[in-house]
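Participant: No sequence on hand, only this structure:
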């Protein structure tokens, strides 16, 4: 197996054994964080980070990852760079990507729902960079997927539960005056089903996710002999759950006239009450762990009691972002 | 003495011997700036810098400090990070601080007068971060205090004067169309009085500083057997001064309706003439040194003649920001 | 020859043998990019980058250069720093430059046409920094010159052509709804003529460049026994050209009332058609190479066919920015 030079736009693009190689290395890197084994992997090398959208954890964890591998991550905001995007004129991605391939060892890109004219445009942008760049393109979250979050999720679950095979994940829509991307939750569906979990998706009507993701998740479950369910009931899915992932996301009709209708989405979201993950609901599960990609909208997506409670592993998962990203960078960009 | 893990929000929170440990190490680090003794102290570690307010020297000196200790400082602007502050909704400090503790070795925060609804709100924000973070919180200047500036000030004075004990510091308000924070001048009062200086504060009526700071400065002076004076005369305080610190600051009533009244403060400040530190006034002192945390408002807070004159040590003090910050980071975050 | 401490505002300020020293080192650094010979040259040192204007390649290449030399480049945007410029009040350059000299090993400055009140103001700003700073001031492109681009250009030409002496460079104005700076093209005239090329400038009437640059280019050509020509014909200059450089630039009257008249410039530029570098025109030359400092305005300055064609060496030249900047930093700031 040789991951050198590989792009990572979605975990589903990689073979199971390739994902396992990342997870195995991430565990070692977490155990012995500043070991000499890792601190020269990107020595004097540059990882370019393109933030079309700002970020807290993604910025901090990728930049720290490069530092801990001996390299340096450049924080770049394309908004001041007159680059061509799905919606603006400027330098072509061909030109930008070819030159960046001369400067950097890899390129991370973040572009979320509010910077694109339609669902899928972020994915297309990353594919266009991947087409022209000679260096790995790593998604730092885009409209469709968030592979580093998905890998951090399952790394965290394994730390607390051991093997996740046969355990039940409930992914449930969460209340709130928000209009959040599908990227994290779709990645969670794909990778958890691939690693052998039973999966249930719960959401109000109108909140169906990408049909391709749902079909692929269903197939992943079938391949593993596991079950895939969906429900519009805010409580039923908790039954027997080993893991609960409560998170707001936008409706299937969020884009109109070339833009995300954020205010309209918030108004629709506010009409759906009863979708807060609470201790009462959690009690119906199998003493489930609570996970979330953060930032958490406390009081809406989940109560404080659950988010700060003993079964919440959100901070461990956030930490794992660092370790899986170090492993991904090491395997796709590292010397050896 | 073990400073590992300690927060630094104000020099008054630390024991004298702890401050002396910082100053002693800073002197060594300045003498032998790139010695192998220091360049691995933060090797591959990340110092997170949160700039709620922008900055020239603070940014440059903290980022260079991390580099010189072998680590890396991340420049983060919370304005694009949807974090909860004293005045805005968003992610809780609990969540942000817990995750940052997993990524970084320390967290510096800068939040000044115009980003807060009332005097003291910046201090509360730093205390909230300190409550939840497992890593040291270092003030990079907040509404009340600026401990790194205070330490750089006394390091500079000692370089030029030797022991400062028994020497007289005049802290005088300075003219100008400005509305500057109390942080630097209050820190100077606390640390200079603690190290045994006589202290005089001169300002127009209405410009009284934080009563707790004044009382603590008075007590510090008493403990050391020194004198503390205040005056509303723009000239009298120069008598016998060994050090003159001329700096604009806002009135005691600068906050109204949840915001600093910047324009009103500037108008009030403009009514007070005669508060420019000049060669004439300096001549009444004991051949005093001129100090200032910069940026200097030349022609208003001080004349060019004094600011660029032979007794001005402002650039040496600015350089010392680097050295004291390296020492603080080494002692609170460093490997040993 | 000792370049330690030298400023670089324009290649014409340096002796030929000094420029050759940069180019020779850059070639070695490109050949063996991460050799131990280079990676400690700026170890633990800070290069300060002041971007009055944003940038793609300049930012990436300077920051990567510092990383590859073992140091760190700080990305600083003076707009948030309340510094004095040609057009705004604030801290004096004297104060800023003196303090930065204490923190950094060198200072790069970028200030382009839209941030200044008249042509030459950017040059004056850099000279003012150079006057007060004790560390090298490196132009990262200013209104008049772009020395790193000029050096990267000739490094690229030599890679593809060998010795450039006696070869003909056509610098031609390029169409487009743009109002681009004179910096890159003026630097190209100066350095190519100095290294012994024949030079022809082609542009519409009204687009004359800085008379000093034209006169100096003419003299450089004479010294080398080469020819210097100019024409207002969009095709004639291609005759016999070994290198074609097609680029938009503003008219000689671009500044009115203390500001670049961008919209007016664009309107004037749009009246001049027929100035796109195309395969037809290129066919009149001596199988010429196509060069450009990027970003390329494809379809206007040059056709896609030429820009992406086999004789286009724009990406190699962009890469060379990294190598010449490493060489410049090593020679002017490096430990030895």
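Facilitator: Okay, I see it. Here the structure is a predicted model, which means the values were calculated and not measured.

Participant: okay, CA-based contacts and neighbour counts for the rest of this
Facilitator: OK.

Participant: Residue A:212 - how many residues pack around it?
Facilitator: Number of residues near residue A:212 (other CA atoms under 10 Å in any protein chain shown) recorded here: 9.

Participant: quick one: the helices in chain A?
Facilitator: Ranges of helices within chain A are A:16-31, A:57-68, A:93-103, A:121-132, A:147-161, A:183-194, A:211-223, A:262-270, A:279-282, A:304-307, A:314-333, based on DSSP state H.

Participant: and the stretch 51-200 of chain A, which residues reach chain B?
Facilitator: A:54-57, A:60-61, A:63-64, A:67-70 (CA under 8 Å from any CA of the partner chain).

Participant: Report the two of these separated the most.
Facilitator: By the measure CA to CA, A:54 and A:70 form the most distant pair in these, at 24.3 Å.

Participant: Name the residue in these two with the higher neighbour count.
Facilitator: residue A:70 (22 against 19).

Participant: check contacts around residue A:104.
Facilitator: Listed by CA atoms under 8 Å, 6 or more residues apart in numbering or on different chains, the contact set of residue A:104 reads A:45-48, A:135, C:64.

Participant: now with 7 Å?
Facilitator: A:45-48 (CA atoms under 7 Å, 6 or more residues apart in numbering or on different chains).

Participant: residue contacts, the residue in the stretch 101-250 of chain A that chain C sits nearest to?
Facilitator: Residue nearest to chain C within the stretch 101-250 of chain A: residue A:102 (5.7 Å; CA to the nearest CA). Counting by CA under 7 Å, 6+ apart, residue A:102 touches residue C:319.

Participant: circling back: in a markdown table, list the helices of chain A along with distance to residue C:326 and mean pLDDT.
Facilitator: Listed next are those as a markdown table, based on distance: least, CA to CA, whole Å; pLDDT from 0 to 100:
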| stretch | distance to residue C:326 | mean pLDDT |
| --- | --- | --- |
| helix A:16-31 | 32 | 98 |
| helix A:57-68 | 21 | 97 |
| helix A:93-103 | 12 | 96 |
| helix A:121-132 | 26 | 96 |
| helix A:147-161 | 33 | 98 |
| helix A:183-194 | 39 | 98 |
| helix A:211-223 | 46 | 98 |
| helix A:262-270 | 46 | 96 |
| helix A:279-282 | 58 | 98 |
| helix A:304-307 | 49 | 97 |
| helix A:314-333 | 22 | 98 |
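
Participant: Distance check, residue A:287 against residue A:161.
Facilitator: 11 Å (CA to CA, to the nearest Å).

Participant: Up against chain C, what does chain A have?
Facilitator: Within reach of chain C by CA under 7 Å from any CA of the partner chain, chain A has these residues: A:44-46, A:72, A:80-81, A:91, A:98-99, A:102-103.

Participant: so which of those comes closest to residue B:262?
Facilitator: Minimum distance to residue B:262 across the residues of chain A next to chain C is 30.1 Å, recorded for residue A:80 (CA to CA).

Participant: Check whether residue A:40 really touches residue A:70, as I assumed.
Facilitator: Yes: between residue A:40 and residue A:70 there is a contact at 5.0 Å, judged by CA atoms under 7 Å.

Participant: Based on its surroundings, how many neighbours for residue A:20?
Facilitator: Residue A:20, neighbours per other CA under 10 Å, totals 15.

Participant: same check, this time on residue A:281
Facilitator: Using other CA under 10 Å, residue A:281 has 17 neighbouring residues.

Participant: Contact partners for it?
Facilitator: Taking CA under 7 Å, 6+ apart, we find residue A:281 in contact with A:235, A:238.

Participant: What distance do you get for it to residue B:108?
Facilitator: Applying CA to CA, the value for residue A:281 to residue B:108 is 39 Å.

Participant: who's in contact with the closest residue to residue A:58 other than its chain neighbours?
Facilitator: Among residues not flanking residue A:58 along the chain, residue A:140 sits closest, at 6.8 Å (CA to CA, 6 or more residues apart in numbering or on different chains). Listed by CA under 7 Å, 6+ apart, the contact partners of residue A:140 are A:58, A:108-110, A:146.

Participant: ok, of these, which one's closest to residue B:200?
Facilitator: For these, the minimum distance to residue B:200 (CA to CA) is 49.2 Å, reached by residue A:58.

Participant: I'd like to know how many residues surround the residue of chain A found nearest chain C.
Facilitator: Ranking the residues of chain A by distance to chain C (CA to the nearest CA) places residue A:44 first, at 4.8 Å. The tally of other residues near residue A:44 (other CA under 10 Å) stands at 24.

Participant: so how far is chain B from it?
Facilitator: 12 Å (CA to the nearest CA, to the nearest Å).

Participant: I appreciate the help and will end here.
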